[in-house]
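K.L.:
Structure for the following, please:
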Amino acid sequence: MKIFVAGLPYDLDDAELEEIFEKFGKIVSAKVAIDRETGKSKGFGFVEMLNDAEAKDAIESLNDISLGKKPLVVKAADERGGGGGGYQGGGGQGNRQGGGNRGSGGFRPGGNRGGSGGGGGRRY
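P.N.:
Numbering: from 1, shown residues only. Prediction:
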């Protein structure tokens with residue numbers, strides 16, 4: 001079972017993450033998420049345990065304990081298909097700005113020509 005762990009201290013590494021969970025059972029892998037640009041921890045990671053019952057015990061025991069400045073959030077990881085799915089969930093609003101009740105203008109792909117209320121435009 002794969003476990004999501006958030007609220008990790010930023011100086012915690014993979015070996016230390018594994019050490020926290022190994023008292024509950026056999027660890028397949030333990031990985032702290034690292035920012036590609038800075039090389040620093042993002043404060044969360046994933047642990048995969050061989051036995052589901054041991055993983056559930058670890059989740060119950062470790063969720064909401066303090067390991068640093070903030071409490072850990074430990075839960076079963078959402079299963080994701082291969083490749084990650086970067087635009088699912090939170091993204092979604094790419095070019096939909098300008099709709100709703102912003103006057104009669106709205107967003108127009110060729111530029112905002114005419115109409116009152118102005119278009120949404122793209123914000124990056």
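K.L.:
where's Glu48 relative to Glu16, distance?
P.N.:
Using C-beta to C-beta, to the nearest Å, one obtains 16 Å as the distance from Glu48 to Glu16. For the C-beta atoms, the positions are set from N, CA and C on the backbone; glycine is no exception.
K.L.:
Which other helices and strands does the helix with the most length in the chain contact?
P.N.:
Assignment by DSSP state H gives helix 52-62 as the longest helix of the chain. Helix 52-62 sits against strand 2-6, helix 14-22, strand 41-49, strand 73-76, with contacts defined as 3 or more C-beta pairs under 8 Å, 6 or more residues apart in numbering; DSSP states H and E.
K.L.:
CSV for these, including distance to Ala30, mean neighbour count and mean pLDDT?
P.N.:
Shown next, in CSV, are the helices and strands packed on helix 52-62 (distance: least, C-beta to C-beta, whole Å; neighbours: other C-beta atoms under 10 Å; pLDDT from 0 to 100):
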stretch, distance to Ala30, mean neighbour count, mean pLDDT
strand 2-6, 9, 19, 98
helix 14-22, 4, 16, 98
strand 41-49, 5, 19, 98
strand 73-76, 13, 15, 98
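K.L.:
now the ones you listed as JSON lines including distance to Glu60?
P.N.:
Formatted as JSON lines, these follow (distance: least, C-beta to C-beta, whole Å):
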{"stretch": "strand 2-6", "distance to Glu60": "11"}
{"stretch": "helix 14-22", "distance to Glu60": "13"}
{"stretch": "strand 41-49", "distance to Glu60": "13"}
{"stretch": "strand 73-76", "distance to Glu60": "9"}
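K.L.:
Quick one: closest of these to Ala55.
P.N.:
Of all these, it is strand 41-49 that lies closest to Ala55, at 4.0 Å by C-beta to C-beta.
K.L.:
So, low pLDDT: which residues of the protein?
P.N.:
80-124 (pLDDT under 70).
K.L.:
Kindly recompute the last result at 80.
P.N.:
79-124 (pLDDT under 80).
K.L.:
out of the helices and strands packed on helix 52-62, which comes closest to Ser29?
P.N.:
Ser29 sits nearest to strand 41-49 of all the helices and strands packed on helix 52-62, at 4.7 Å, using C-beta to C-beta.
K.L.:
All good on my end, thank you.
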